[in-house]
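Novice: turn this into a structure:
(chains A and B)
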Amino acid sequence: MAKLTSLFVILLSFFCISEAVFEDQVGKFDWRQQYVGKTLFAHFESNTQSSKKMFVATDKNIFASFNSRTGDLLWRHVDKTGPEGTIDILLLHGQDGRLLRSWDTNIGGLNWEVVLDTGSFQAACFVAIQDTVKLVAVLKKAAISLHYLSNGHQKWVENLPDSDAVQYQAVYSGGEEEVYVLGVVPNSHLTIIAYMDFFSFKSCEYLPVLVSSQPHPARSPLSEFFLQLGPDHHVLLQLNADGYTIAPLRDFQPAFLVSFATTGKKTVAAVMTPKNETVSRHRACAINLFSVDSGRRLLDTTVLFPLEPNGGKPHMLYVHAFLKKDDSVGYRVLVQTQDHALTFIQQPGRVVWTREEALADVVTMEMVDLPLTGTQAELEGEFGKKADGLFPMVLKRLSSQVTLLQAWLAHLWKLFYEARKPRSQVKNEVTIETLSRDEFNLQKMMVMVTASGKLFGIDSKSGSILWKHYLENVQPNAAFKLIVQRTTAHFPHPPQCTLLIKDKDTGLATLHVFNPIFGRKSHIALPALPRPILQSLLLPVIDQDYAKVLLLVDDQYKVTAFPSTKNVLQQLQEMASSIFFYLIRSEHGNLSGFRLRKDLSTERIWEVVLPTEVQKIVAVKGKRPNEHVHSQGRVMGDRSVLYKYLNPNLLAVVTESTDAHPERAFVGVFLVDGVTGRIIHEAVQRKARGPVHFVHSENWVVYEYWNTKSRRNEFSVLELFEGTELYNSTVFSSLDRPHLPQVLQQTYIFPSPITTMEATLTEKGITSRHLLVGLPSGAILSLPKMFLDPRRPEVVTEHSREENLIPYAPEMPIRTEWFINYNQTVARVKGIYTAPSGLESTCLVVAYGLDIYQTRVYPSKQFDVLKDDYDYVLISSVLFALFFATMISKRLAQVKLLNRAWR
Amino acid sequence: MASVSRSFLLLSIIPTILILCADFACCNTGRKTGDGLDTDFSGFSVPLEHSFEVDDVSRFRMRGALQLRGGRETSVSLSQSQLSEEDRNNLKEVAAVDGLYKIRVPRVSLTDRQTERQMDGYLTAFVRACSLVESHLSDVITLHTDVSGYLIGVSIVTIPGACRGTEVEDEVDLEAFNTTLTIIPPTNAPQPETALFIERMDIEHEKRGKPQEQKSFFAKYWMYIVPLVLFLMMSGAQDQSGVGAANGGGR
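Specialist: Presented below is the predicted three-dimensional model:
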């Protein structure tokens, strides 16, 4: 009987947490955007006006096809990360580093794949025999090979002579089955030196770049080619028929980008030049077509390319030329800008579509509440102002009530007006002007920082990009930290975000302060940061404008405050002795704590050193500052309370052993108090190695590692409890907690590797927690924390059943209904961001990697929301029926009483 | 760097100070008291230094000597002298301005032989001076080691830990430390308990599964199945005979 009840408890617990999306809910609360990354190669399918397909290969090892009319992704192949999957060149058929692959352009299916010999890749081209392409020539550093295009088999391979001295750079074929390999001997500069005699170089350091074109593989390459002499200087040259002399056709200066395009028999050159429009503030570029044979400009071929005020400069130009009906040349242009955006332009300058490929590499993000609507803000403002007498206050209240009434009437009128229109015409376009907070704060602004240095503001409900801002002078290896200094709650002060950009090599940092709702840079005086920054910390101290104070610690342990007004400095001086911070230098294994002095210098107060010969610090995580814990303890089966050890200053430090031998490797988990430097707990997971993913929240740490002995992934959970009595229940102070907490730990087998992990977060912390686990398959698993509970009993007892503890099972289940993104997989998940919403039951989740996926999760189901299919008709009809029944029975009872009285 | 060189100076005068020991605190990992058998690992001593200054600039002075014993049973004991009159007054002054009382020990390894025991650098920890005064110098010092026996951290807390502002009148209370000393090696994190789970599952299977497995489905329910089959056969034979009639009747 006891067994049966325990089984029942398990079933019940499964039932409570099982959740899945119904078919009609697909896409209702969630959206996904797919990206490919920075384009390296782009090709258009065919040279007719009606062709729709284009192909790109990107730096993320992705080969994809777009619809050139809409910019939608037709298909996409995500290759291995790292150098193994790098795409060296994209002919009309794609080729990967050591693998030569042929793709079907219609559906993106793989035709064949061949493994090439090792050797660094140089060039490749098609070889044609009698006007049909039959072979692919691949040039490596020391060999050339020929493959059949139909099945990929190798026809022949030849070693190149003198491959040590000669740098072979290009391969051409002239229409017969002959392949020409072009080699350059360093220091003699075969071809380039010949041109040098014709032109005087302006900048000698600039390496001239050759841009040439071979219109059709079956014919010899064009005799005309471009030579780039400077960043904005190109020259069109022609190789004369004798093959020895070169004549200049036209000098283009200034010209950013040049490109060739061929249609039918005609070959044209497209040249992008800057356009000086001093009247309008927007900069623009003009693209013109030139005849290759003569160098003359073709009439009516100008396309204007508008440069966005906060965008990047053009970087690459791909031209799709075609013959119009009247035999003139028409064309469309694909422009790639430095911020990885792709823009497709049609004559005479209409932007057909834009793809923001920078979003394929999101580094960090934050979610910011949207501002209130104007009327709501006015009401809020009323309370903010100073009271000036009773009568004016009443007047003010009345006037604001009137404005509210007006707004409500206008809203009603709008509803009525729109109800008459057919549904298709009503568009709820989200623009920056119409942005306002919804009832439950479910719609937020996602501020995303990408590796290219472009910032995006995305509406979390629809996924539309509301603003973008490109930071031009960001180093490619910069580290970003996004800090929300002022939230939207302080009307009329605008919200304020600060992006700390740190150069990884020099450590020098710059700040970019902006309004997260509109993306505009704010004109606040920024502090000068001449020294490398070691640490930044956001204090709960606010200045008179309600902005939280950011402290930046430089390498001499001096502190800079931002904003650094008098008010702030005064507050800092008062609080200095209670401001502690920690620094971690993982290369020395050193953790040290500091205290602020009144003169904003610091003193070192504690130091913990983990010898680097034994283990190295991999990651350190504190708790999230906006996390709330609702219950202080857990009620146990015997009605006593086990209090949680809720130390807000606790740091989880994860180390890995330097010894990689599977028997001796270990993963260390240290829990260190960030104020006193006290090691609260120190655990060693033997026979384990990384990568370690971990989450630190409330009173628990969950980490995942690779067990080298059993060759499997394992999850371990640590929970800290103070015991059955609280030491000081009113306030927590790290300086006054002499007793170490009790630590419970349990380990489970997880049947899949993971890529990232995060915990759900809700407004008040009442809802039970789930772990969101990103799997390499692209699925996001919502794993209830209930399963990761070190108090899960091995033997079921009366008490554990009372507490609803699931009996211990060594293997963690993966249920497909726990995948919150059903079939919307997120390729290469890099991070998961969670944010609370206004509803306690609901947590907003954004998963980013190559794709971006946004959804809502309800860890304890929607206990505070009525269901979509809630039967309003039934409940109201029952209510009315009961109401009328009471009325009638009352009447009947009255009549009966009266009759009885008469009797 | 200046403090480091000074500490090396202090190191050289340890032997002379050791003689002064008056107070003694001892502990081990708690499993077993170190019996005289493992003479193999002769203990060695490192200085425990403390600093309390009104201006919060660290000036470390000798507080006592930690007697460390490595090997299988790591144990540690502390011999320390009493606080001098000057130190007592100084500590009280520091407590009055809410200054810090810091301690430090050099980084050492418990397992390595004498050759490379000492590494450069110190492990530091602190406690508020007022709480030390109010607890009448009763402090708990914990040393943490890593898997290979290096000291990685030290911590100090006082019991009670709060500063309530109570005056300590009696000078005698501030003379001698009442120190509890522990050394904590890392705990081994548990592995998944597969063996126990499988054992439990087997027992459950045995309990529940045996009587059921012996009887097959048919053996168990033959009394229901046979009449059902019989009935079906009978009714099927009837149907076949009455098919034509039924069809005709249906029209």
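Novice: got the buried residues for the longest strand that chain A contains?
Specialist: As assigned by DSSP state E, the longest strand anywhere in chain A is strand A:712-723. Within strand A:712-723, the residues that count as buried by 16 or more other C-beta atoms under 10 Å in any protein chain shown are A:713-722. Quick note: C-beta positions are derived from backbone N, CA and C, even for glycine.
Novice: within reach of chain B, which of those residues are there?
Specialist: A:714, A:716 (C-beta under 8 Å from any C-beta of the partner chain).
Novice: mind putting the buried residues of strand A:712-723 into TSV with pLDDT?
Specialist: Shown next, in TSV, are these (pLDDT from 0 to 100):
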residue	pLDDT
A:713	93
A:714	92
A:715	92
A:716	93
A:717	94
A:718	93
A:719	93
A:720	93
A:721	92
A:722	90
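Novice: nearest residue to the middle of chain A?
Specialist: By C-alpha atoms, centre = their mean, chain A has its centre lying nearest to residue A:362, at 2.9 Å.
Novice: so what's the residue count around the nearest residue to that residue once chain neighbours are set aside?
Specialist: Take residue A:362 and drop its neighbours on the chain: the residue closest to it by C-beta to C-beta, 6 or more residues apart in numbering or on different chains is residue A:848, 4.2 Å away. By the criterion of other C-beta atoms under 10 Å in any protein chain shown, residue A:848 has 29 neighbours.
Novice: correct me, but residue A:756 touches residue A:774?
Specialist: Yes. Under the criterion of C-beta atoms under 8 Å, residue A:756 makes contact with residue A:774 at 4.1 Å.
Novice: now the common contact residues for these two.
Specialist: Common contact partners of residue A:756 and residue A:774 (C-beta atoms under 8 Å, 6 or more residues apart in numbering or on different chains): A:829, A:832.
Novice: so these two - more neighbours on which side?
Specialist: Legend: neighbour count by other C-beta under 10 Å for residue A:756 and residue A:774, higher for residue A:774 (25 against 18).
Novice: quick one: contacts for the more buried one?
Specialist: Counted by C-beta under 8 Å, 6+ apart, residue A:774 has contacts A:754-757, A:780-781, A:826, A:829, A:832, A:847, A:849.
Novice: interface residues of the stretch 351-500 of chain A facing chain B?
Specialist: So the stretch 351-500 of chain A never meets chain B (C-beta under 8 Å from any C-beta).
Novice: just the helices in the stretch 351-500 of chain A please.
Specialist: For the stretch 351-500 of chain A, the helices defined by DSSP state H, counting those that start in this stretch cover A:374-384, A:390-420.
Novice: so what's the model's average confidence on the shortest one?
Specialist: What helix A:374-384 shows for mean pLDDT is 64.
Novice: residues near the residue nearest to residue A:579 when sequence neighbours are not counted, how many?
Specialist: Leaving aside its sequence neighbours, residue A:579 sits nearest to residue A:596 (C-beta to C-beta, 6+ apart; 4.2 Å). Neighbourhood size, residue A:596 [other C-beta under 10 Å]: 22.
Novice: now do the strands in the stretch 251-400 of chain A.
Specialist: Ranges of strands in the stretch 251-400 of chain A, per DSSP state E, counting those that start in this stretch, are A:257-263, A:266-275, A:284-291, A:303-306, A:314-323, A:329-337, A:341-346, A:350-356, A:362-369.
Novice: and the residue of the stretch 801-903 of chain A nearest chain B?
Specialist: Per C-beta to the nearest C-beta, residue A:810 is where the stretch 801-903 of chain A lies closest to chain B, at 4.2 Å.
Novice: quick one: contacts for the residue nearest to that residue when sequence neighbours are not counted?
Specialist: In this structure, residue A:810 finds its nearest non-sequential neighbour in residue B:192, 4.2 Å apart by C-beta to C-beta, 6+ apart. Shown in contact with residue B:192 (C-beta under 8 Å, 6+ apart): A:714, A:747-749, A:810-811.
Novice: repeat the analysis, applying 7 Å as the threshold.
Specialist: By C-beta atoms under 7 Å, 6 or more residues apart in numbering or on different chains, the contact list for residue B:192 reads A:714, A:747-749, A:810.
Novice: so how far is stretch A:702-711 off the chain centroid?
Specialist: Stretch A:702-711 sits 28 Å away from the centroid of its parent chain (C-alpha atoms, centre = their mean, to the nearest Å).
Novice: repeat for stretch A:520-531
Specialist: 25 Å.
Novice: quick one: end-to-end distance for that stretch.
Specialist: 27 Å (C-alpha to C-alpha, to the nearest Å).
Novice: name the residues of it that are buried.
Specialist: Here stretch A:520-531 shows A:524, A:529, A:531 as buried, counting by 16+ other C-beta under 10 Å.
Novice: check stretch A:750-765 too.
Specialist: So for stretch A:750-765, counting by 16+ other C-beta under 10 Å, buried means A:750, A:754-763, A:765.
Novice: residue boundaries of the helices in chain B?
Specialist: B:2-12, B:14-18, B:85-96, B:129-134, B:194-214, B:217-250 (DSSP state H).
Novice: those helices: lowest mean pLDDT?
Specialist: helix B:14-18 (a mean of 35).
Novice: name the SS class of the closest residue in space to residue A:439 that isn't next to it in sequence, please.
Specialist: Closest residue to residue A:439 apart from its sequence neighbours, by C-beta to C-beta, 6+ apart: residue A:838 at 7.5 Å. Classification of residue A:838 by DSSP: H, G, I helix; E, B strand; the rest coil places it in coil.
Novice: burial of residue A:838, as a residue count?
Specialist: 15.
Novice: returning to what we had before: how about a markdown table for the strands of the stretch 251-400 of chain A, with mean pLDDT added?
Specialist: Converted to a markdown table, those look like this (pLDDT from 0 to 100):
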| stretch | mean pLDDT |
| --- | --- |
| strand A:257-263 | 74 |
| strand A:266-275 | 77 |
| strand A:284-291 | 78 |
| strand A:303-306 | 76 |
| strand A:314-323 | 80 |
| strand A:329-337 | 83 |
| strand A:341-346 | 86 |
| strand A:350-356 | 86 |
| strand A:362-369 | 91 |
